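**Q** Dropping a prediction and its sequence here:
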Amino acid sequence: MTKPRIAIVGMAIESSAYAAHRAGYRDFPVLTGDALIERYAFLAPGEPLAEAAEWIPVFMARAIPGGAVLREVYDDFKNRIVEGLRAAGDIDGVYFDIHGAMSVVGLEDAEGDLVTAVREVVGPNALITAPMDLHGNMSETLALALDLPTCYRLAPHEDAWATKERAAHRLVEWLGKDEKPLTAWVRVPILLPGEKTSTRVEPARTLYAQLDEVEKKAGISDLGLWIGYAWADEPRCHATVMVTGDDAAVISAEAERIAGELWDARDEFAFVGPPGTLDEAVEAGLAHRASGAEKPYLISDSGDNPGAGGSGDVTWTLTRLLADERLTGEDAPITYVASIFDHGAIEQIFAHAVGDRIDVTAGARVDHRVAEPVRIRGELLSLHEGDPAAGRIAVIGVGGIRAIVTEFRKAYHDVADFHAIGLDPEAADIVVTKIGYLEPTLYDIAKGWTLALTPGPVDQDLERLGHSRIVRPMFPYDAFDERPDLSAALIRGRRYVRGFAGTASA
């Protein structure tokens, strides 16, 4: 038999509506050809999936989270995808690798726009799968265009690659059938930050843990529970449940049941880590050190977390830490502070030699809405070059503080990021980094932790940000006098079989 021809395309970023950063070409490493195939270990030569289809690598661009994508960059990438698909000839399936929370300057529904362009090229009969982040937002346009949507089931996303492989398996399986799958879709009017919906804690832990077993039921092929992305401000921002299979009654019942359980648990969601102000976090870190407890104490500078869409150069936290004599005086605790980026400041710093006393003003060049650039006066401890994300990096010592300044945006979310510049997080008393919930390697070393509720583009206080374009009513913004309609719409092949027809895009 002729193998199905599957094209691989994608563009992925998580975009905060409140970040001053704009994602451009440098933010998006581009993969095509063999390099794109090599991105997926499950497509390595000899792997069953690799042999099951002819995989056609068209185009993939992926960035760390940030602000909205510049329109000219998006239009260019979209055109490359469209032209690549046209050049590929007849396509049976599309592996549409996206995040689900991309925003583009001037567009309301970026992934919806992109998938529409893809569908116009490949036609109505090709099957499209999309492995997504559970923090993605599912618009009506996107839901109707996808045949096999799915998403991660863990936050932090330790199952990201398992999800991508599962999506490829499902696509190959359905391409071997003579029918298109059915999808049951429920919109749930809930919008919560990821730090309140981590699967490390309840109620998300139980809600997501059941999905593997539910998927094994007869009539079900796959299912996803999108908690949504809270720092966008678009009508598509809300939680979503989608169940795919070939038994309409079963998939509808399960989609409605899971949506109901999510709704009923809405008041139980709380921060995954101990929350507090920055002052409270520093006090806790100092007390931890004074007690003689094992190092390190972690502090999340959550309001400017680049991993959730923060600009990455907000100086609010570093400014306050440098003003605290307990951190900059004699016998101060060793405190890593990661990071701020500033190309101009790096130019000045790299004119010095390690060991020099320097005086530089840095940060808040992109995002100065909550704090001005910060003055750093201290000893230049180290210089580094060649980081693919950060470019050049400097570490400046001010008392116990080790302030990390980079040339370009970088998220310090892994112990390896610190080791690469000669810093050992386990030897520090306190580690302050722009992050929300702790990613696995930092979580593993933390001997204490405060989720500092700092201001910035991904402020945990959503109401302080001022969403104006989400569909209301929405929990927790509004009170509900009665349970919302959580009945499932049924979709097959871009058409409603039941429900939602004629409604506005959400």
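**A** Structure received.
**Q** Counting neighbours, what do you get for E173?
**A** 14 (other Cβ atoms under 10 Å). Bear in mind the C-beta positions are built from the backbone N, C-alpha and C, glycine included.
**Q** which element is it on?
**A** Using DSSP states H and E, E173 sits within helix 160-175.
**Q** starting at the chain centroid, how far to that helix?
**A** Mean C-alpha position of helix 160-175 versus that of the full chain (Cα atoms, centre = their mean, to the nearest Å) differs by 20 Å.
**Q** Pull out the buried residues from that helix.
**A** Buried residues in helix 160-175, counting neighbours by 16 or more other Cβ atoms under 10 Å, are found at T163, K164, E165, R166, A167, A168, H169, R170, L171, V172, W174, L175.
**Q** so for that helix, what's the average pLDDT?
**A** Confidence for helix 160-175, expressed as mean pLDDT, is 98.
**Q** hmm, who's touching that helix?
**A** Outside helix 160-175, the residues that touch it by Cβ atoms under 8 Å, 6 or more residues apart in numbering are 4, 6, 40-43, 49, 52-53, 92-93, 95, 97, 127, 129-131, 133, 147-148, 150-153, 180-181, 221-222, 244.
**Q** Out of the residues you listed, list just those in helices.
**A** L49, A52 (DSSP state H).
**Q** with the buried residues of helix 160-175 in mind, which one is nearest to E280?
**A** T163 (36.2 Å; Cβ to Cβ).
**Q** All the strands of the stretch 351-500 of the chain, residue numbers only.
**A** With DSSP state E, counting those that start in this stretch as the criterion, the stretch 351-500 of the chain has strands at 357-362, 374-387, 391-398, 401-406, 430-433, 449-452, 489-492, 495-498.
**Q** what do you get for the stretch 151-300 of the chain?
**A** Under the criterion DSSP E, counting those that start in this stretch, the stretch 151-300 of the chain contains strands at 182-188, 220-226, 239-245, 275-276, 297-301.
**Q** can you list contacts of stretch 416-433?
**A** So stretch 416-433 is contacted by 282, 285-286, 288-289, 295-301, 317, 321, 333-339, 382, 384, 387, 393, 395, 400, 402, 404, 410-413, 415, 441-442, 445 (Cβ under 8 Å, 6+ apart).
**Q** That one: end-to-end distance?
**A** 14 Å (Cα to Cα, to the nearest Å).
**Q** Just the buried positions in that stretch, please.
**A** Of the residues in stretch 416-433, those buried (16+ other Cβ under 10 Å) are D417, F418, I421, L423, P425, A428, D429, I430, V431, V432, T433.
**Q** Also stretch 125-132?
**A** Under 16+ other Cβ under 10 Å, the buried positions of stretch 125-132 are A126, L127, I128, T129, A130, P131, M132.
**Q** Over to stretch 21-30?
**A** Residues of stretch 21-30 classed as buried: H21, R22, A23, D27, F28 (neighbour count, 16+ other Cβ under 10 Å).
**Q** ok, now how distant is the second one from W231?
**A** I take that to be R22. According to Cβ to Cβ, to the nearest Å, R22 and W231 sit 15 Å apart.
**Q** and if you look at the first one?
**A** Separation of H21 from W231 (Cβ to Cβ) stands at 12 Å.
**Q** what touches both of these two?
**A** Listed as contacting both H21 and W231 by Cβ under 8 Å, 6+ apart are P457.
**Q** For the stretch 401-506 of the chain, just list every one of the helices.
**A** Ranges of helices within the stretch 401-506 of the chain are 415-419, 440-445, 462-465, based on DSSP state H, counting those that start in this stretch.
**Q** S252 is nearest to which of those helices?
**A** S252 lies closest to helix 462-465 among the helices of the stretch 401-506 of the chain, at 31.1 Å (Cβ to Cβ).
**Q** Tell me how many other residues surround G391.
**A** 18.
**Q** pLDDT weak spots in the protein?
**A** Across the chain, residues meeting the criterion (pLDDT under 70) sit at 1, 501-506.
**Q** Domains in this structure, by residue range?
**A** In terms of domains, the chain is parsed into 5-270+485-498, 275-459 (source: automatic domain parsing).
**Q** Format those as TSV; extra columns: distance to R469.
**A** Converted to TSV, the domains of the chain look like this (distance: least, Cβ to Cβ, whole Å):
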stretch	distance to R469
domain 5-270+485-498	5
domain 275-459	16
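**Q** Those: which one's closest to V471?
**A** domain 5-270+485-498 (5.2 Å).
**Q** that older thread, and the helix holding E173 with strand 220-226, angle?
**A** Angle of helix 160-175 versus strand 220-226, following axes from the mean of the first three to the mean of the last three Cα atoms, to 10 degrees, is 140 degrees.
**Q** Run the angle between helix 160-175 and strand 239-245 for me.
**A** Using the same axes, to 10 degrees, the inter-axis angle of helix 160-175 relative to strand 239-245 is 40 degrees.
**Q** Am I right that R22 is in contact with A68?
**A** Yes. Assessed by Cβ atoms under 8 Å, R22 is found in contact with A68 at 6.2 Å.
**Q** intersection of neighbour lists for these two?
**A** Common neighbours of R22 and A68, using Cβ under 8 Å, 6+ apart, are V105.
**Q** follow-up on the earlier one: mind checking which of the domains of the chain is nearest F475?
**A** Proximity to F475 (Cβ to Cβ) singles out domain 5-270+485-498 among those, at 4.8 Å.
**Q** Can you give me the first-to-last residue distance of the closest one?
**A** First-to-last residue span, domain 5-270+485-498, Cα to Cα: 31 Å.
**Q** what's the answer for stretch 145-158, then?
**A** 27 Å.
**Q** Next, the buried residues of that stretch.
**A** 145-157.
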